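Q: Fold the following for me, if possible:
(one chain, ligands or ions: 2)
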Amino acid sequence: MSDCLFCKIIKGDIPSLKVYEDDLVYAFLDIAPVNPGHTLIVPKEHFDDVEQMSEEQAAAAFARVHRLAPKIRAAVGALAWNLGLNTGKAAGQVVMHAHWHVMPRFVEDGLTHWPKKHFTDAEMKSFAADIVAALSQ
Ligand code: 5GP
Ligand code: ZN
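A: Ligands and ions are numbered 1, 2, ... in the order given. Here you go, the predicted structure:
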């Protein structure tokens, strides 16, 4: 898409610190990393978000994430990694071109996980029932 930031990066119209490229994906360092080696893995084809990708397209892109992430982790001497996939603006997606964040992690690196919420047993059962119904369609 001509007005998409990541499409411009993939085309080379905007510079990036590319770490990997093949026929399917383009991977480059996030300009505002949470840790050393924070990498964005982006399908070359434009999709606004992962929900726009078919199961096959998403599986193929994730296979690249699965292959690259351990090597990214090792390259920066990290012990572990988180995978981020923000889907939709309410989830924090800012760039509307599907992408996976690979975020290398170190002991006591200052990053924290999401805060947890408490719901009643009745609410939890209702959430589960709604999801079961949606997944069975
Ligand atoms: P989102 O919140 O959409 O999942 O993440 C978008 C990511 O893209 C952010 O972490 C942000 O730092 C990164 N980003 C935004 N603009 C640029 C850019 O011009 N170059 C690079 N390398 N990363 C960018
Ligand atoms: Zn795009």
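
Q: In which helix or strand does Val102 reside?
A: Using DSSP states H and E, the element containing Val102 is strand 100-105.

Q: for that strand, what is the average pLDDT?
A: Averaged across strand 100-105, the pLDDT comes to 98.

Q: Tell me who's in contact with the residue in the chain sticking out farthest from the centre.
A: In the chain, the residue that sits farthest from the middle, by CA atoms, centre = their mean, is Ala122; the gap is 32.3 Å. By CB atoms under 8 Å, 6 or more residues apart in numbering, the contact set of Ala122 is empty. (Glycine included, C-beta is placed from N, CA and C.)

Q: what mean pLDDT does whichever helix or strand comes after the strand holding Val102 have?
A: Using DSSP H and E, the helix or strand that follows strand 100-105 in sequence is helix 121-135. Averaging pLDDT along helix 121-135 gives 98.

Q: Alpha carbons of helix 121-135, in PDB - could you do that?
A: C-alpha atoms of helix 121-135 as PDB (Å, rounded to 0.1, in the frame of the first residue of the first chain):
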ATOM      1  CA  ASP A 121     -16.600 -17.100  38.800                       C
ATOM      2  CA  ALA A 122     -19.900 -16.300  37.000                       C
ATOM      3  CA  GLU A 123     -18.200 -13.800  34.700                       C
ATOM      4  CA  MET A 124     -15.400 -16.200  33.900                       C
ATOM      5  CA  LYS A 125     -18.000 -18.900  33.100                       C
ATOM      6  CA  SER A 126     -19.800 -16.500  30.900                       C
ATOM      7  CA  PHE A 127     -16.600 -15.500  29.000                       C
ATOM      8  CA  ALA A 128     -15.800 -19.200  28.500                       C
ATOM      9  CA  ALA A 129     -19.300 -20.000  27.300                       C
ATOM     10  CA  ASP A 130     -19.300 -17.000  24.800                       C
ATOM     11  CA  ILE A 131     -15.900 -18.200  23.400                       C
ATOM     12  CA  VAL A 132     -16.900 -21.800  23.200                       C
ATOM     13  CA  ALA A 133     -20.100 -20.700  21.300                       C
ATOM     14  CA  ALA A 134     -18.000 -18.500  18.900                       C
ATOM     15  CA  LEU A 135     -15.400 -21.200  18.300                       C
END
